[in-house]
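> structure for this input, please:
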Amino acid sequence: MLAVADTTSGLLVAFYVAQGPLGARGYWLALLAPAWVVLAKLHGLYDRDQRALRVLTVDELPRIFFWGLTGTTMVVSLVEPTDVDLTSLVAVWIVTCGSAVLLRTAARSAWRRLTPPERTLIVGGGLLAAAATRKLLLFSDVHLRLIGQPAPLEDAAGLRRTLRERRIERVILASESIDEASIANLLSICRQEKVKLSVVPPVRAMFGTAVQLDNVGDLPFLQYNTWDVSRSTLLLKRALDVSVACVALVAFLPVAALIALAIRLDTPGPVIFSQRRAGRDGLPFCIFKFRTMIENAEAALAELVPFDELDEPVFKLRDDPRVTRVGRFLRRTSLDELPQLLNILRGDMSLVGPRPEQIDLVQRYSPEERLRLAVKPGLTGPMQVSGRGELSLDERLAVEREYIENLALGRDLRILALTMSAVIGARGAF
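Numbers count the residues shown, from 1 in each chain. Below is the predicted model:
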């Protein structure tokens, strides 16, 4: 299906070129459609789907961009260079990459609907097996189906029988106590039964998320990221924030006007709601949102949520009686967050980062929980693309820690791309 998507991209390029100076001669480029598949294979665009648990088109963007550049070079090399100017080259590259992203996304979506999910067995037990089960249930784009309860690792004969009787296609090892011999034995069983094997490291606290693996000869070294984010990364992140916020403010101005009118007609009160939230390092700032609740909703919060009785410093009301009719729609579509583009221009927030929390709740944070205050809060963030309101505080802190400890511009772009599908799906938004 991915090959069909890439072939179609090649045909679209031929059609586009034929509309330019080359005219009907451009249609001959349709004969190159199979070559686009070969180029995609050389760029590794077909290999991860069969191995990885979760493959998203957004994770392939760098490879798709270079594949498009290679394909554009191939096209130009077969036509008269004098017939193609720089603008045309960029246009061909954009058509290639844009169509590939859309078609590959559609192909994977269709594949998930048309093919049965991979029959998967978790081997192990305890908290690690429970955490692995929870993650697989949270991410619907992981094309797996859990079969039965976690199986014990020690019973090799029973495990082999289970794999055959239940027609297991993948095994996920999630045990808090494993050794080299156990993994070697399980690897041998999976090879003999032709079953894929994934392993969840049992020492998550030891490895963490800010680690990468390097090799010196045959000896592996774990490198921990224990230093500050580079100034160049912060500069580029700020440049991205300002440029995208400016464009978005102009683009969404008509939508904002309609939202303001709807709020006015629905219930009395101001259009914009402002509230003090905790920013970077816990410093307070005034956040802006479209009003989604009745007037004086803040006064009624203490009756609905007694902060002193909370088990953890976070809350989310699924059926908040203070939310208006228009507000319910704005929250489901996340349109109530649009005024925060002004917060981004002011420097209070970033496009991507942990969501800003109320100061009363932040004051109850433990030292470990204050890690999420190490960067600017974001309009969207890792929580928004990992389950949103469905996440517990521990799960939310885990994905935010992973983001903070591996801060990079590419990760921001990835989260921005994933936010679109999260908003459309509206899962966990309330």
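> where do the helices sit along the stretch 251-400 of the chain?
In order along the chain, the stretch 251-400 of the chain carries the following helices (DSSP state H, counting those that start in this stretch): 253-266, 297-304, 325-333, 340-346, 359-362, 393-405.
> which residues touch the fourth one?
Helix 340-346 is contacted from outside by 241-242, 245-246, 248-249, 252, 285, 287-289, 349-351, 379, using CB atoms under 8 Å, 6 or more residues apart in numbering. Yep, even glycine has a C-beta here, placed from its N, CA and C like the rest.
> for the helices of the stretch 251-400 of the chain, which has the smallest mean pLDDT value?
Among the helices of the stretch 251-400 of the chain, helix 297-304 has the lowest mean pLDDT, at a mean of 70.
> which parts of that helix are buried?
Buried residues in helix 297-304, counted by 16 or more other CB atoms under 10 Å: 297, 301.
> the inter-axis angle of it versus helix 325-333?
If you take axes from the mean of the first three to the mean of the last three CA atoms, to 10 degrees, helix 297-304 sits at 80 degrees to helix 325-333.
> could you give the backbone dihedrals for Lys196?
For Lys196, the backbone dihedrals (degrees, to the nearest 10) come out as phi -70, psi 150.
> give me the buried subset of the contacts of helix 340-346.
241, 245, 249, 285, 287-289, 349-351, 379.
> which stretches of this protein have low pLDDT?
Counting by pLDDT under 70, the ranges of the chain that qualify are 21-26, 79-85, 203-228, 302-303, 305-311, 315-317, 425-430.
> rebuild the buried ones among the contacts of helix 340-346 as JSON lines, extending it with distance to Leu89.
Formatted as JSON lines, those follow (distance: CB to CB, whole Å):
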{"residue": "Asp241", "distance to Leu89": "30"}
{"residue": "Ala245", "distance to Leu89": "30"}
{"residue": "Leu249", "distance to Leu89": "32"}
{"residue": "Phe285", "distance to Leu89": "45"}
{"residue": "Ile287", "distance to Leu89": "44"}
{"residue": "Phe288", "distance to Leu89": "42"}
{"residue": "Lys289", "distance to Leu89": "43"}
{"residue": "Met349", "distance to Leu89": "37"}
{"residue": "Ser350", "distance to Leu89": "34"}
{"residue": "Leu351", "distance to Leu89": "30"}
{"residue": "Leu379", "distance to Leu89": "34"}
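> ok, those residues vs Leu265, which is closest?
When the buried ones among the contacts of helix 340-346 are compared for distance to Leu265 (CB to CB), Lys289 comes out closest, at 18.4 Å.
> from Pro339, how far out is the closest one?
Lys289 sits 6 Å away from Pro339, taking CB to CB, to the nearest Å as the criterion.
> what's the overlap in contacts for those two?
Shared contacts of Lys289 and Pro339, defined by CB under 8 Å, 6+ apart, comprise Ile272.
> quick one, strands of this structure?
Under the criterion DSSP state E, strands of the chain are mapped to 118-124, 144-146, 170-174, 196-199, 211-216, 219-224, 272-278, 284-290, 350-352, 378-380.
> quick one, which of those is nearest to Arg332?
Go through the strands of the chain one by one with CB to CB and the one that ends up closest to Arg332 is strand 284-290, at 12.9 Å.
> direction included, what does that closest one pair against?
Taking DSSP bridges as the criterion, strand 284-290 forms sheet pairs with strand 272-278 (antiparallel).
> tell me the two of the contacts of helix 340-346 that are most distant?
Taking CB to CB as the measure, the contacts of helix 340-346 reach their widest spread between Phe252 and Phe285, a distance of 21.7 Å.
> related to what we said a few turns ago, just the closest of the contacts of helix 340-346 to Leu86, please.
Cys246 (26.4 Å).
> how near is that closest one to Gln340?
In this structure, Cys246 and Gln340 are separated by 14 Å, where distance is defined by CB to CB.
> ok, Arg331 next?
Relative to Gln340, Arg331 is positioned 14 Å away (criterion: CB to CB).
> send me stretch 185-200 as PDB with only the CA atoms.
What follows is stretch 185-200, C-alpha atoms only, in PDB (Å, rounded to 0.1, in the frame of the first residue of the first chain):
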ATOM      1  CA  ASN A 185      16.000 -18.300  25.600                       C
ATOM      2  CA  LEU A 186      13.000 -16.200  24.700                       C
ATOM      3  CA  LEU A 187      14.800 -15.000  21.600                       C
ATOM      4  CA  SER A 188      15.400 -18.600  20.500                       C
ATOM      5  CA  ILE A 189      11.700 -19.500  21.000                       C
ATOM      6  CA  CYS A 190      10.500 -16.500  19.000                       C
ATOM      7  CA  ARG A 191      12.900 -17.200  16.200                       C
ATOM      8  CA  GLN A 192      11.800 -20.800  16.000                       C
ATOM      9  CA  GLU A 193       8.100 -19.900  16.000                       C
ATOM     10  CA  LYS A 194       8.700 -16.900  13.700                       C
ATOM     11  CA  VAL A 195       7.300 -14.400  16.200                       C
ATOM     12  CA  LYS A 196       8.400 -10.800  16.600                       C
ATOM     13  CA  LEU A 197      10.000  -9.900  19.900                       C
ATOM     14  CA  SER A 198       9.900  -6.500  21.700                       C
ATOM     15  CA  VAL A 199      11.500  -5.800  25.100                       C
ATOM     16  CA  VAL A 200      10.600  -3.200  27.700                       C
END
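> before we move on, back to that, any idea which of the helices of the stretch 251-400 of the chain gets closest to Thr8?
Distance to Thr8, taken as CB to CB, is lowest for helix 325-333 among those, at 31.0 Å.
> what is the closest one packed up against?
Here helix 325-333 is seen to pack against helix 253-266 when contacts are counted using 3 or more CB pairs under 8 Å, 6 or more residues apart in numbering; DSSP states H and E.
> okay, the helix it packs on in PDB with CA atoms only?
Below are the C-alpha coordinates for helix 253-266, written out as PDB (Å, rounded to 0.1, in the frame of the first residue of the first chain):
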ATOM      1  CA  LEU A 253      -9.000  36.100  12.500                       C
ATOM      2  CA  PRO A 254     -12.300  35.300  10.700                       C
ATOM      3  CA  VAL A 255     -12.800  32.200  12.800                       C
ATOM      4  CA  ALA A 256     -12.000  34.200  16.000                       C
ATOM      5  CA  ALA A 257     -14.700  36.700  15.000                       C
ATOM      6  CA  LEU A 258     -17.300  34.000  14.600                       C
ATOM      7  CA  ILE A 259     -16.400  32.500  17.900                       C
ATOM      8  CA  ALA A 260     -16.600  35.800  19.700                       C
ATOM      9  CA  LEU A 261     -20.100  36.400  18.200                       C
ATOM     10  CA  ALA A 262     -21.200  32.900  19.200                       C
ATOM     11  CA  ILE A 263     -20.100  33.400  22.800                       C
ATOM     12  CA  ARG A 264     -21.800  36.700  23.000                       C
ATOM     13  CA  LEU A 265     -25.100  35.300  21.700                       C
ATOM     14  CA  ASP A 266     -24.900  32.200  23.900                       C
END
